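A.B. asks: Fold the following, please.
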Amino acid sequence: MSTENRYLGSAKLIAACTLLSRVTGLARDIIVNRAFGQSWVQDAFNYGFLVPNLFRRLFGEGALSAVFVPVFTETLDQRGRPAAWLLLGRVAGLMTLALTVLTVLLEIVALAVWQFAPGGPMRALQAGLTAVMLPFMISVCLLALFASILNCIQHFTVPALLPIVLNLFMIAGVEAIGPLMGEAPEQRVYGVAISVLLAAVVQLAIIFPVLRRLGVTWRFSLDTHDPELRRILRSFVPIVLGQGVLLLSVFLDAQICTFLTRGPATPDSFSFLGRTIAYPLTDGALSAINNAQRLYQFPLGVLAISLATAAFPMFSLYASRQDYPGLRATLGQSMRVAIFEGLPCGVALFILAEPIIRLLFQYGRYDAEATARAAYALKWYALGMPAYCCQHIVLRGFYSLRDTLTPMWISCALVTVNLVLVLSLLWHPGIREAAFGLGTAVSATLHVAVSVWLLRRKMQGRIGARILMASTLRTALAAGLAGVAAWAVNRWTGSVDLSGMGRLVSRGVQVFVPLGAAVAAYLLAAALLRMEELRLLLPRRRSPA
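C.D. replies: Numbering: from 1, shown residues only. Got it, this is the predicted structure:
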């Protein structure tokens, strides 16, 4: 099988599995929003889940994976499986020890805040939920490490399906465990937090037998004398700083949003440096941002991250063999496919934001005002959709070359850009929490532009910038036609009386009919423009040979 077929075929498999997990994730979000609404209770849950989730992205899917996969791939390719399994055991042992110590320290801080720090019921609930869910980061980081091992040996199905377990347990947390905790929403939400811990245990219980069945034999070890392990540790610090700075932007966004939101039983303003300042945000702001992020991350996870996950071992293999022409070609092709997928998704999300959110979330405690807030934030996030897709590709291009410092410096500069944008726009009455979406979109676009410019030198040649620009222009033309089709059909469905079809069906018509028109227009335009990216993504017949 050709290189192109190998990684694109893997990307399609990951995308199919990820689609299933994202659908169950949407079902989870629908049930959570119906139960708690876009309120301070859900704000507190999102805040409590933030810390373990960020560490998952930093240690599990980010820094450790980025430094571990290239070294593990090289060890597996050049020294064989026994050496690779030994390296896995040592990395897993040190990772578990470090995360356990960190969890204990953070638990002490969270419990102290919960017990002694004032701030009203929202702040207390945030600290309590954080304390409950902190141990999740140990298991989920280990899970991400073992999933990266399966990806390296070309097994993608189980890692892509494991998030379904978490989604199903959280649904059970809302419907079954939550009512056991009490009647009030601020009591029931602890049932969801407990379900997160239960899911983590079950996920590990699923992946361990899969590893054994595929011949991955390892055991935890704290031996630090392995030279390959020391290579990982030396690279780990700068990449943690780089990824940490990138995720620091997400963390700061959540902190700013939380502490500038007026919660229940709190005054309308606060004092800062002797000045009285009115809170710019009302309760539900963090939940509105979270719902908007969930929706733009749906296509991002199904399409772009699947592509980047499948391509990263290939990048690492080319880099370890110093095959720079192959690396440049694969990277350029991956970026073209990522833009081909991401740009029309961003257009569709921008035009259909409100109908989509109304269909998915506007039930129970979730009202029309909550829909409008989340939809407005989603429109701003959607502007950066092509950049989000490419960001995962270019980061893995750096990491395959063992360059962890360049992304760190880029991220450091862009945190400041994002912070300035958010704090400048947050107080504007017409923007409010949507400022976080605009800041994220601008930062991601600048990140990709600077990264592509710097990668040219790293890869000792051009990565096909002219071909990439030509492909992007054709993609933009096709996406523009798809956007016009979605807008026109959306206007038409909005003018037709659909009340006789029932609430759910009429809302579905207002989403899927314009979306179907957009997809048809995009595929037709791509076919007429003879875009190579369409050929790469469509299933092809195998030749008799």
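A.B. asks: Give the residue spans of the stretch 101-250 of the chain that score low on pLDDT.
C.D. replies: Scanning the stretch 101-250 of the chain with the threshold set as pLDDT under 70 gives 117-119, 238-239, 241-246.
A.B. asks: Please enumerate the helices of it.
C.D. replies: Applying DSSP state H, counting those that start in this stretch to the stretch 101-250 of the chain gives helices spanning 120-133, 136-152, 157-161, 163-172, 178-181, 185-213, 227-259.
A.B. asks: and of those helices, who's closest to residue 74?
C.D. replies: helix 227-259 (8.3 Å; C-beta to C-beta). From N, CA and C alone the C-beta is placed, and that goes for glycine too.
A.B. asks: ok and that closest one relative to helix 120-133, angle-wise?
C.D. replies: Relative orientation of helix 227-259 and helix 120-133, computed by axes from the mean of the first three to the mean of the last three C-alpha atoms, to 10 degrees: 160 degrees.
A.B. asks: Now the element after helix 227-259, going C-ward?
C.D. replies: Counting by DSSP states H and E, the next helix or strand C-terminal to helix 227-259 is strand 261-262.
A.B. asks: name the helices or strands packed onto the helix or strand residue 518 falls within?
C.D. replies: In the assignment (DSSP H and E), residue 518 maps to helix 503-528. Secondary-structure packing of helix 503-528 (3 or more C-beta pairs under 8 Å, 6 or more residues apart in numbering; DSSP states H and E): helix 324-351, helix 353-361, helix 465-495, helix 532-537.
A.B. asks: among these, which gets the worst mean confidence?
C.D. replies: Ranked by mean pLDDT, these bottom out at helix 532-537, with a mean of 83.
A.B. asks: Just the buried positions in stretch 407-421, please.
C.D. replies: The neighbour-count check on stretch 407-421 (16 or more other C-beta atoms under 10 Å) flags 407, 408, 410, 411, 414, 415, 418, 419, 421 as buried.
A.B. asks: next one: stretch 264-283
C.D. replies: 266, 279, 280, 281, 283.
A.B. asks: re earlier: most packed of the helices of the stretch 101-250 of the chain?
C.D. replies: helix 136-152 (a mean of 23; mean count of other C-beta atoms under 10 Å).
A.B. asks: In terms of secondary structure, what does it contact?
C.D. replies: helix 40-55, helix 63-79, helix 81-116, helix 157-161, helix 185-213, helix 306-320.
A.B. asks: Check which residues of the helix holding residue 518 are buried.
C.D. replies: Buried residues in helix 503-528, counted by 16+ other C-beta under 10 Å: 506-507, 509-515, 517-519, 521-523, 525-526.
A.B. asks: Distance from whichever helix or strand residue 448 is part of to the middle of the chain?
C.D. replies: Residue 448 belongs to helix 435-458 when assigned by DSSP H and E. Chain-centre distance of helix 435-458: 16 Å, with C-alpha atoms, centre = their mean, to the nearest Å.
A.B. asks: what's the average pLDDT for it?
C.D. replies: 90.
A.B. asks: Go through it and flag the buried ones.
C.D. replies: 435-448, 450-452, 454-455, 458.
A.B. asks: With only the CA atoms kept, save it in CSV.
C.D. replies: Extracted in CSV, the C-alpha atoms of helix 435-458 (Å, rounded to 0.1, in the frame of the first residue of the first chain):
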residue,chain,number,x,y,z
ALA,A,435,-14.4,38.0,22.6
PHE,A,436,-12.9,34.6,23.6
GLY,A,437,-13.9,33.2,20.2
LEU,A,438,-12.4,36.0,18.2
GLY,A,439,-9.2,35.9,20.3
THR,A,440,-8.9,32.2,19.7
ALA,A,441,-9.5,32.5,15.9
VAL,A,442,-7.0,35.3,15.4
SER,A,443,-4.3,33.6,17.5
ALA,A,444,-4.7,30.3,15.7
THR,A,445,-4.4,31.9,12.3
LEU,A,446,-1.2,33.8,13.3
HIS,A,447,0.2,30.6,14.7
VAL,A,448,-0.3,28.6,11.5
ALA,A,449,1.1,31.5,9.3
VAL,A,450,4.3,31.8,11.4
SER,A,451,4.8,28.0,11.8
VAL,A,452,4.6,27.4,8.0
TRP,A,453,7.1,30.1,7.3
LEU,A,454,9.5,28.7,9.9
LEU,A,455,9.0,25.0,8.8
ARG,A,456,10.4,25.8,5.3
ARG,A,457,13.9,26.1,6.9
LYS,A,458,13.5,23.2,9.2
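A.B. asks: So which elements touch it?
C.D. replies: helix 227-259, helix 285-299, helix 368-382, helix 385-400, helix 405-425.
A.B. asks: Could you list every helix and strand in contact with the last one?
C.D. replies: Put plainly, it is helix 405-425. Partner elements for helix 405-425 (3+ C-beta pairs under 8 Å, 6+ apart): helix 227-259, helix 385-400, helix 435-458.
A.B. asks: Now render those as TSV, adding distance to residue 208.
C.D. replies: Shown next, in TSV, are the helices and strands packed on helix 405-425 (distance: least, C-beta to C-beta, whole Å):
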stretch	distance to residue 208
helix 227-259	22
helix 385-400	27
helix 435-458	36
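A.B. asks: Nearest to residue 140, out of those?
C.D. replies: Short answer: helix 227-259, nearest of those by C-beta to C-beta, at 14.6 Å.
A.B. asks: Show me what the closest one is packed against.
C.D. replies: Looks like helix 227-259 contacts helix 40-55, helix 63-79, helix 81-116, helix 285-299, helix 405-425, helix 435-458 (3+ C-beta pairs under 8 Å, 6+ apart).
A.B. asks: Select, out of these, the one closest to residue 29.
C.D. replies: helix 285-299 (5.5 Å).
A.B. asks: contacting residues around the closest one?
C.D. replies: With contact meaning C-beta atoms under 8 Å, 6 or more residues apart in numbering, helix 285-299 is reached by 22, 25-26, 29, 33, 38-39, 42-43, 46-47, 253-254, 257-258, 261, 341-342, 345-346, 349, 353, 356-357, 360-361, 370, 373-375, 377-378, 381-382, 385, 388, 432-433, 436-437.
A.B. asks: Pretty sure residue 264 sits in a helix.
C.D. replies: No. Counting by DSSP: H, G, I helix; E, B strand; the rest coil, residue 264 falls outside a helix, being coil.
A.B. asks: State the distance from it to residue 110.
C.D. replies: According to C-beta to C-beta, to the nearest Å, residue 264 and residue 110 sit 21 Å apart.
A.B. asks: Equivalent analysis for residue 149, please.
C.D. replies: On the measure of C-beta to C-beta, residue 149 and residue 110 end up 31 Å apart.
A.B. asks: And for residue 133?
C.D. replies: Distance from residue 133 to residue 110, by C-beta to C-beta: 10 Å.
A.B. asks: repeat for residue 195
C.D. replies: 19 Å.
A.B. asks: and if you look at residue 17?
C.D. replies: Counting by C-beta to C-beta, the gap from residue 17 to residue 110 is 34 Å.
A.B. asks: show me the contacts for residue 437.
C.D. replies: Counting by C-beta under 8 Å, 6+ apart, residue 437 has contacts 289, 292, 377, 378, 379, 380, 381, 383.
A.B. asks: Might you report the residue contacts of the third one?
C.D. replies: The neighbours of residue 377, taking C-beta under 8 Å, 6+ apart as the test, are 288, 289, 291, 292, 433, 434, 436, 437.
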